[in-house]
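# predicted structure and sequence below. I'll ask about it afterward.
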Amino acid sequence: MSDYVKSLMAEVRAKNPAQPEFHQAVEEVAESLAVVLDRHPEYRSAKILERIIEPERVISFRVAWVDDQGEVNINRGYRIEMNSAIGPYKGGLRFHPSVNLGILKFLAFEQVFKNSLTTLPMGGGKGGSDFDPKGKSDLKIMRFCQAFMNELFRHIGPDTDVPAGDIGVGGREIGYLFGQYKKLRNEFTGVLTGKGLNWGGSLIRPEATGYGAVYFAAEMLNTRGKTLEGKTCLVSGSGNVAQYTVEKINQLGGKVVTLSDSNGYIYDDEGISREKLTFVMDLKNVRRGRIKEYTDKFKNAVYTPLDPKQDFNPLWNHKAHCAFPSATQNEINAKDAQNLLNNGIFVVSEGANMPTTIEGVKLFLDSKILYGPGKAANAGGVAVSGLEMAQNSMRLPWTREEVDTRLRMIMKEIHTTCVQTAERFGTPDNYVNGANIGGFLKVADAMIDQGVV
Ligand code: NDP
């Protein structure tokens, strides 16, 4: 670690105590940027990185709501408005009991670079709540979403801050949030993305993150003259990103053998076919069940509960060619990364945000496999959110083919940016440096142009 990164990190830790995920995200980016700051003293003297690390605005608020039994509930809501140098703040909302300030700051920080890579004019933000939607009735979810929006509405807007979904926030939640925003503001605008198709949503938005992560893997494979045809793939999670990752891998001729949730994972050596995926989509999105139920229906598959005392995740310990972590942060530790490498994995394309620990990333980079970090590989979701904003502004929807073609083009461009930038800064084939530096340069130049604000 260079002296510059060491002193920067000491300051980040001192100023942001008890935010380990935020420290981790900043350290990874700072390591990549050391060479850029050496070549460009103007960025260092303008304290660009130091400014990017400090959110432009952090909003924390009480969400008080009454559930369907008449009980009063209190949750904490947040919106981190991280950086608006290249466009309105843009990033998802996460509803999960683990949500805290540090996790949302890491996500908002990553979002700044990711959004810059998409080539679209979007700044970075993130928000959410420690509310747990799991097992709650639609009425409870609606009441919570309305209470959450009762405060959030005054901070967001189509030209200010445009939230979307993330863990625990899908089409149902976006609907309730949008309805309340519309009622409070008395306006119908593109203030949220991931909306329903008949009220301003974009075709391909639900599919975009998963499809994008697979397109990114295909681009990486293409650099070695390979395709996904016939490749065995491990996918974690079973939510939005995981489902459409499976769909696209199947379409491109690959075979997916795993899916998971926070309780355990299933292994299906016959592959999760179109028909089986339809079952999973109904199970998770309509019946809101657990992945264990897959084995009730498909008897050949094996369910393994996750043991929190175990220091590795057995999902990552199967023979395969590609891995698509699509659940949550730090789901691949150093031991998991080593298991993946020992099992012959040569492509990792991250659908989730920061799913690999710093030690795991180092193992992937040292082994020279094709490793696509989340801020590049999963940028397809926010890219199509950007396309949804464009369609909302024009009040003109595009066809499925048009959006998918644009998504493919954007993922290709992000891949090219990563490859060319890594090369230009002396670390060819290092997609981590390519993504971090590629995302940074555009934001840094915009910040210089706009003065010290
Ligand atoms: P969903 O809520 O639809 O699904 C999340 C899945 O991950 C569920 O299967 C969930 O299991 C599992 N999961 C969540 N937390 C944990 C945990 N702590 N340990 C193990 N499993 C867990 O979310 P998404 O699919 O939208 O998001 C998945 C990842 O992709 C996140 O990292 C998100 O930030 C990232 N991402 C999402 C984008 C999007 O467009 N939605 C865009 C870019 C990145 P369970 O049901 O048990 O909680």
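That came through fine. Residues are numbered from 1 along each chain as shown.
# doesn't I345 make contact with P325?
No: judged on Cβ atoms under 8 Å, P325 makes no contact with I345 at a distance of 11.2 Å. (Each C-beta comes from the backbone N, C-alpha and C, glycine too.)
# neighbour count: the two, which is higher?
P325 (36 against 25; other Cβ atoms under 10 Å).
# need the contact list for the more buried one.
Shown in contact with P325 (Cβ atoms under 8 Å, 6 or more residues apart in numbering): 236-237, 331-332, 348, 350-352, 355-356.
# excluding its backbone neighbours, what's nearest it?
Nearest residue to P325, sequence neighbours excluded (Cβ to Cβ, 6 or more residues apart in numbering): P355, at 3.7 Å.
# got phi/psi on the one you found?
phi -70, psi -10 (degrees, to the nearest 10).
# start the count at 454 instead of 1 going forward.
Yep, numbering from 454; the last one is P808 now.
# my guess is it contacts N786, does it?
No: P808 lies out of contact with N786 (Cβ under 8 Å); the separation is 10.2 Å.
# have a look at the two and say which one is more surrounded.
A direct count of neighbours by other Cβ under 10 Å for P808 and N786 places P808 higher, at 26 against 17.
# near the ligand, which residues of the protein?
Contact residues (Cβ under 6 Å from any ligand atom) of the chain with the ligand: 618-621, 623, 662, 690-695, 714-716, 779-781, 804-806, 831, 834.
# can you tell me which of these are in helices?
Judged by DSSP state H, helices contain the following of the residues of the chain next to the ligand: 662, 693-695, 834.
# could you dump the residues you listed into CSV with pLDDT and neighbour count added?
Output for those, formatted as CSV (pLDDT from 0 to 100; neighbours: other Cβ atoms under 10 Å):
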residue, pLDDT, neighbour count
T662, 98, 31
N693, 98, 27
V694, 98, 32
A695, 98, 30
G834, 98, 30
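# what ranges do the strands span in this protein?
Taking DSSP state E as the test, the strands found in the chain are 510-519, 525-536, 542-548, 577-582, 614-617, 685-688, 708-709, 711-713, 717-720, 755-758, 775-777, 800-802, 823-825.
# buried set for the first one?
The one in question is strand 510-519. Of the residues in strand 510-519, 511-512, 514, 516, 518 count as buried by neighbour count, 16 or more other Cβ atoms under 10 Å.
# do stretch 489-507 as well
By neighbour count with 16+ other Cβ under 10 Å, stretch 489-507 contains the buried residues 489-490, 493, 496, 499, 501-502, 504-506.
# any chance of the residues you listed in JSON lines, plus pLDDT?
Output for the buried residues of stretch 489-507, formatted as JSON lines (pLDDT from 0 to 100):
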{"residue": "V489", "pLDDT": "97"}
{"residue": "L490", "pLDDT": "95"}
{"residue": "H493", "pLDDT": "95"}
{"residue": "Y496", "pLDDT": "97"}
{"residue": "A499", "pLDDT": "97"}
{"residue": "I501", "pLDDT": "98"}
{"residue": "L502", "pLDDT": "97"}
{"residue": "R504", "pLDDT": "98"}
{"residue": "I505", "pLDDT": "98"}
{"residue": "I506", "pLDDT": "98"}
